[in-house]
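Trainee: Here is the input, now give the coordinates:
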Amino acid sequence: MTSMLKTHFEGHVFPQVRTVILPNCAHNVLRSCPEVRSVTCNEHDGGKLIAPIGSSCKKVETLVNIRPSAAIIKRLIKAAPQLKELEINAIAEAAVGYSWKTQKEWTVYSPADIRALSALKNLKTITLVVGKDGEKARTSKEHEDAARDVLAASKAGEGKVLFVRYCTHGDSHWSRDNDRESKRIAVP
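Mentor: This next block holds a predicted model:
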């Protein structure tokens with residue numbers, strides 16, 4: 001599918017597109033959308049979206065639903081230094097997450113990986129979407145503190161916020177039904 005999309009979108013430009021929701025495998029579509037501001041990954045880790053964002057989508061300010069490894073974070077910082085909003089599908093070190101489709105382990109990352117995001121100087125909002133098994137959240141205070149430190153270091157000005165949204169097993173990323181279980185943390 002990737003090569004078909006590349007073939008069909010190559011040479012076409014859609015400057016009116018501002019918001020894109022696509023799976024990792026459709027990354028070639030982004031090369032045709034230079035004015036896009038918001039990118040949502042609806043399948044896999046979002047790693048393949050980073051290169052086209054860096055080469056063709058210089059105005060991306062919002063990136064939603066990525067599961068970053070240390071390598072993805074490093075590439076993201078280089079590709080989209082102007083990011084203002086970032087939603088991370090977070091998995092804590094003690095937990096093991098699985099892709100429902102491939103049953104492969106997702107990359108587990110540490111608070112230090114989150115702290116690396118402090119290179120993104122315009123971040124105003126970070127959302128950590130975390131799993132919840134029963135009453136035990138699969139993230140740690142250290143992950144939240146790391147995200148708070150990143151926002152505190154940001155030069156974005158007032159209104160910086162960290163959201164921690166809990167999803168129980170089986171809830172989709174798209175479900176906002178669990179917002180009542182979310183935390184909103186204002187960051188000075």
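Trainee: alpha carbons only for contacts and neighbour counts from here, please
Mentor: Fine.
Trainee: Pull the number of nearby residues for the spatially closest residue to residue 37 that is not a sequence neighbour.
Mentor: Closest residue to residue 37 apart from its sequence neighbours, by Cα to Cα, 6 or more residues apart in numbering: residue 60 at 4.1 Å. Neighbourhood size, residue 60 [other Cα atoms under 10 Å]: 24.
Trainee: and what of the one 3 residues further on?
Mentor: By the other Cα under 10 Å criterion, the neighbourhood of residue 63 contains 24 residues.
Trainee: Likewise for residue 20?
Mentor: Around residue 20 there are 16 residues (other Cα under 10 Å).
Trainee: Determine the set of other helices and strands touching the one helix or strand it maps to.
Mentor: In this structure, residue 20 sits in strand 19-22 according to DSSP states H and E. Judged by 3 or more Cα pairs under 8 Å, 6 or more residues apart in numbering; DSSP states H and E, the packing partners of strand 19-22 are strand 38-41.
Trainee: what about the strand it packs on, average pLDDT?
Mentor: Strand 38-41 comes out with an average pLDDT of 96.
Trainee: Report the strands that pair with the strand holding residue 20, each with its relative direction.
Mentor: Applying DSSP bridges, strand 19-22 is found paired with strand 38-41 (parallel).
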